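# okay, here's the prediction I keep looking at, along with the sequence it came from:
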Amino acid sequence: MKPLVTISAAYGAGGSLVGPRLADRLGVPFLDRAIPVSVADQLETPREGLTRKELPRDTFRRWLPRFAPPVRLFSAGAIETDPAAMSEQQFRDATERVLHEYAEAGAVILGRAAAVVLRDQPGALHVRLDGPADSRIGQAMVVLGVDRPTAERELMIADRARETYVQRWYGVDPHDPRCYDLIIDSTRINVDGCVEVIAAAASTRAR
């Protein structure tokens, strides 16, 4: 059985660094930017109509009206399309189908509530990367090259948006430890260390 790892990562926790390296280490695909293209195929939506947002604009307008423009809400790989192109339920269903399809062959999946969607997938390892807010702010400043006010603002926006995404669609608190097999303070353990710990756990879980 190929390893399957889902990663839920708070802002500044390094999910976009750990995920690809872990996938290379395990020899499986990394799903982040790849998901929107696959979703477009599922919905027969032109790929050129997809850009970097997580949900259709009409969805954002309904339940994230107080947030910054959607493009700033999520990490790389989020998508946007014409609101008329798909409904919220269509997008959710297509995303879940893609997650299940890739899960069957093994993958490292960042975000998209994958720990919830794939909670019953045999052999899956569900990981949460987190840490104290101030530590994540400091780490984001180094990794992303932003100043403290920017990192503080992005943390508030991104964390709240990701929490709302999981709660809105699945009624789950992403901070609930029962959602995960492994929780790591990735502000105290560096990227290489996180990769090694997760890889060891994933190999054991797959067996």
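Yep, it's here.

# ok, and the helix or strand in this structure with the lowest average confidence?
Each helix and strand of the chain was given a mean pLDDT (mean pLDDT, DSSP states H and E); the minimum falls on helix 57-63 at a mean of 38.

# and the next helix or strand past it?
helix 88-105 (DSSP states H and E).

# name the residues of that next one that are buried.
88, 91-92, 94-96, 98-99, 102-103 (16 or more other Cβ atoms under 10 Å). All C-beta spots, glycine's among them, are computed from the backbone N, C-alpha and C.

# go on, stretch 114-131?
For stretch 114-131, by 16+ other Cβ under 10 Å, it's 114-119, 121, 124-131.

# need the max-distance pair from those.
Using Cβ to Cβ, the buried residues of stretch 114-131 span at most 26.5 Å, a distance reached by 121 and 131.

# quick one on the thing from earlier: for residue 193, state which of the buried residues of stretch 114-131 is nearest.
Distances from residue 193 to these, taken by Cβ to Cβ, are shortest for residue 129, at 11.7 Å.

# what about this structure, any weak spots by pLDDT?
Scanning the chain for pLDDT under 70 picks out 33-88, 206.

# and residue 121, which helix or strand is it part of?
Per DSSP H and E: nothing holds residue 121, as it lies in no helix or strand.

# let me see the contact set for it.
4, 100, 103 (Cβ atoms under 8 Å, 6 or more residues apart in numbering).

# now, which of those residues sits nearest residue 203?
residue 4 (11.3 Å).

# show the backbone phi and psi for the closest one.
Note on residue 4: backbone dihedrals following degrees, to the nearest 10 are phi -130, psi 120.
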